[in-house]
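Engineer: Provided below for reference: sequence and predicted model.
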Amino acid sequence: MINYFKNKQIGHQKGYGLSGVAGFTLVEILIVISIIATMATFAVTRLNPLRNKAKDTSIKISLAALRSVAEINYDTLGNYTYICSNNKLLSAVSSTATEPLKSAQAQVVDIYNKISKQTSGDITCNTGVGVYAVSVPLLFADDKSFCIDSNGFSDETSVELGDETECKLAN
C-alpha cells in the first residue's frame, strides 16, 4: 500500500490537483482572471481619448457635409434660414415645407442626427440675411468647438458663437 502512494504521489504531480485529476486549481484560475481584468482596465482607459478623437473627426466631417448642403441649397432657395431653428441646428423637417425646401431641410436633419450622436453639448446655429454659422463642442479638445460659417471659416475655436453669424478665432 505504501508503494502505491509513493508511485502515484497524489496531489504532488505537476498539472494534477489534490484529487489526482488533471486541470487547474481554483487559485490559478482566479489569478489568471485578475490579470486579464487588470489588463482590460488599462486598455479601456487608454482607448477613451481615442474614441473621443474619433467622434470629433466625425463631427468635423458632418459639418463639412453641412457646408456643402448649405451652399448647394443657397443657389436654389436664395437663403440659409432652413438650416437653423431657435438658434439650434434644424432637427425636424417642417410639416408645411414644400419642395425644394423640404428636401433641403431633410438633408440638414440627417446631418443633425449624425452630429447629435457624437456630442453631448449644444449645437449652436445662427442665420441672418445671406449668412450662417454653426458651432459644435468637441470632446477631445477641452473648451473648444468646431465652427463653420458662410464666409468659409472651418476650424477649431475657443470663442463661443453666441448670437453671431460669423466664427472667430481666439485673439
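Structural biologist: It's in. All values derive from a computational prediction rather than experimental measurement.

Engineer: ok, residue 52 - how many residues close by?
Structural biologist: Number of residues near residue 52 (other Cβ atoms under 10 Å) recorded here: 15. For the C-beta atoms, the positions are set from N, CA and C on the backbone; glycine is no exception.

Engineer: pLDDT score for it?
Structural biologist: The confidence metric pLDDT takes the value 89 at residue 52.

Engineer: wait, it sits on residue 142?
Structural biologist: No. With contact defined as Cβ atoms under 8 Å, residue 52 does not count as touching residue 142 (10.4 Å).

Engineer: please, where are all the strands along the chain?
Structural biologist: Remark: strands assigned in the chain by DSSP state E are 84-85, 88-89, 124-128, 131-137, 145-149, 154-157.

Engineer: possible to save those as a markdown table with mean pLDDT and mean neighbour count?
Structural biologist: Formatted as a markdown table, the strands of the chain follow (pLDDT from 0 to 100; neighbours: other Cβ atoms under 10 Å):
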| stretch | mean pLDDT | mean neighbour count |
| --- | --- | --- |
| strand 84-85 | 91 | 19 |
| strand 88-89 | 92 | 18 |
| strand 124-128 | 93 | 20 |
| strand 131-137 | 95 | 24 |
| strand 145-149 | 95 | 23 |
| strand 154-157 | 94 | 15 |
